[in-house]
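J.: compute the structure for the input listed below.
(one chain, ligands or ions: 2)
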Amino acid sequence: RENCLVTCHVNVHPLWQSELSVSGGTRQSPINIQWRDSVYDPHLKPLKIHYDPTTCLYIWNNGYSFQVEFDDSADKSVIMGGPLENHYRLKQFHFHWGAINEWGSEHMVDSKVYPAELHLVHWNPVTSTSFEEAIMENNGLVVIGVFLKLGAHHAGLQKLVDALPAVKHKDTIVEFDVFDPSCLMPSCPDYWTYDGSLTTPPLTESVTWIIKKTPIEVDQNQLEEFRMLLFTSAGEEEKRMVDNFRPLQPLMNRTVRSSFR
Ligand SMILES: NS(=O)(=O)c1ccc(NC(=S)OCCc2ccsc2)cc1
Ligand SMILES: [Zn+2]
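T.: Residues are numbered from 1 along each chain as shown. Ligands and ions are numbered 1, 2, ... in the order given. The predicted model follows:
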């Protein structure tokens with residue numbers, strides 16, 4: 001069965017087919033988080049999240065995932081605390097998922113894979129003047145990862161899911177105002193944190209990852225709506241947007257810290 005999973009699942013998306021770790025990369029993402037190897041750090045503070053729902057702008061299909069963009073021209077939707085030395089501004093969030101429920105997340109926990117993973121992408125306005133600049137800065141970005149597991153219907157997610165048919169094709173966009181992504185956060189405060197990279201080009205090693213320990217539950221219909229999206233533009237031969245996750249990367253000389261015992 002294990003073998004089947006490995007052989008059955010072959011990434012076909014061109015991006016990952018030519019997948020090469022960043023030459024000389026020493027802190028690439030995603031990784032498999034080995035719970036027993038993570039180190040409890042009592043100095044880690046609780047993560048503080050203040051999202052202003054009116055900073056939500058629109059949803060679009062960028063050919064890798066669907067992405068919800070935020071107005072990051074002021075400190076309105078920010079995170080602070082946790083392992084962070086200052087506040088970071090929310091820029092966008094997106095998801096990664098599989099063709100079937102057996103796989104889809106980018107990170108794993110003790111080799112357990114989830115059907116999908118949410119990424120909330122933030123940048124450091126203290127050390128950078130824009131998101132694009134922060135992408136190139138050491139620790140210019142913070143991405144919060146939340147696992148999705150198959151279970152109860154997620155009412156907060158449904159507002160997003162209802163908008164997906166409008167962004168079926170690559171480079172389509174639809175207005176999406178007043179959404180508070182904190183409804184997608186599990187109530188459990190526990191997280192792991194480690195230094196890593198973006199998981200799609202430019203794959204820069206600029207990310208402080210914060211991976212929530214507890215998944216959120218979504219139902220089968222909601223996951224299937226993700227799988228109705230397309231990698232391809234209107235008029236092209238349709239390719240379903242599934243398996244848009246990067247393969248695991250070597251941990252190398254890194255320690256994963258936990259906020260909990
Ligand atoms: N999956 S991930 O969260 O690691 C992640 C987040 C952002 C990005 N990249 C983005 S949003 O790039 C925006 C366009 C850009 C600007 C400078 S280089 C690319 C890639 C991967
Ligand atoms: Zn991502």
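J.: what's around residue 142, how many residues?
T.: For residue 142, the neighbour count with other Cβ atoms under 10 Å is 27. To be clear about C-beta, it is placed using only N, CA and C from the backbone, and glycine gets the same treatment.
J.: give the partner strands of the helix or strand hosting it in its sheet and their orientations.
T.: Element membership for residue 142 (DSSP states H and E) is strand 141-150. Sheet partners assigned to strand 141-150 using DSSP bridges are listed as strand 116-123 (antiparallel), strand 207-212 (parallel), strand 216-218 (parallel).
J.: immediately after that strand, which helix or strand?
T.: Downstream of strand 141-150 (by DSSP H and E), the next one is helix 155-161.
J.: quick one: closest of the strands paired with strand 141-150 to residue 165.
T.: strand 216-218 (17.3 Å; Cβ to Cβ).
J.: show me what the closest one is in contact with.
T.: Residues from elsewhere that reach strand 216-218 (Cβ atoms under 8 Å, 6 or more residues apart in numbering): 116, 118, 146-154, 157, 184-186.
J.: most surrounded residue in those?
T.: residue 116 (27 neighbours).
J.: can you tell me how far it is from residue 242?
T.: 10 Å (Cβ to Cβ, to the nearest Å).
J.: repeat that for residue 221.
T.: Counting by Cβ to Cβ, the gap from residue 221 to residue 242 is 16 Å.
J.: these two - which one has more neighbours?
T.: Taking other Cβ under 10 Å, residue 221 and residue 242 do not tie; residue 242 has more neighbours (20 against 10).
J.: surely residue 80 is in contact with residue 87?
T.: Yes. If you go by Cβ atoms under 8 Å, residue 80 and residue 87 touch, sitting 4.2 Å apart.
J.: any stretches of the stretch 151-261 of the chain with poor pLDDT?
T.: For the stretch 151-261 of the chain, no stretch has pLDDT under 70.
J.: enumerate the residues of it near ligand 1.
T.: Within the stretch 151-261 of the chain, the residues that sit near ligand 1 (Cβ under 6 Å from any ligand atom) are 198-200, 202.
J.: which of those residues ranks first by neighbour count?
T.: residue 199 (25 neighbours).
J.: separation between it and residue 30?
T.: Residue 199 is 6 Å from residue 30, by Cβ to Cβ.
J.: which parts of the stretch 1-150 of the chain are strands?
T.: In the stretch 1-150 of the chain, the strands defined using DSSP state E, counting those that start in this stretch lie at 32-33, 39-40, 47-50, 56-61, 66-70, 78-81, 88-97, 108-109, 116-123, 141-150.
J.: can I get these in a markdown table including mean pLDDT and distance to residue 234?
T.: Putting these into a markdown table (pLDDT from 0 to 100; distance: least, Cβ to Cβ, whole Å) gives the following:
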| stretch | mean pLDDT | distance to residue 234 |
| --- | --- | --- |
| strand 32-33 | 98 | 38 |
| strand 39-40 | 98 | 49 |
| strand 47-50 | 98 | 36 |
| strand 56-61 | 98 | 11 |
| strand 66-70 | 98 | 15 |
| strand 78-81 | 98 | 36 |
| strand 88-97 | 98 | 21 |
| strand 108-109 | 98 | 35 |
| strand 116-123 | 99 | 25 |
| strand 141-150 | 99 | 28 |
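J.: now render the ones you listed as JSON lines, adding distance to residue 173.
T.: Output for those, formatted as JSON lines (distance: least, Cβ to Cβ, whole Å):
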{"stretch": "strand 32-33", "distance to residue 173": "34"}
{"stretch": "strand 39-40", "distance to residue 173": "43"}
{"stretch": "strand 47-50", "distance to residue 173": "26"}
{"stretch": "strand 56-61", "distance to residue 173": "4"}
{"stretch": "strand 66-70", "distance to residue 173": "9"}
{"stretch": "strand 78-81", "distance to residue 173": "25"}
{"stretch": "strand 88-97", "distance to residue 173": "13"}
{"stretch": "strand 108-109", "distance to residue 173": "32"}
{"stretch": "strand 116-123", "distance to residue 173": "18"}
{"stretch": "strand 141-150", "distance to residue 173": "22"}
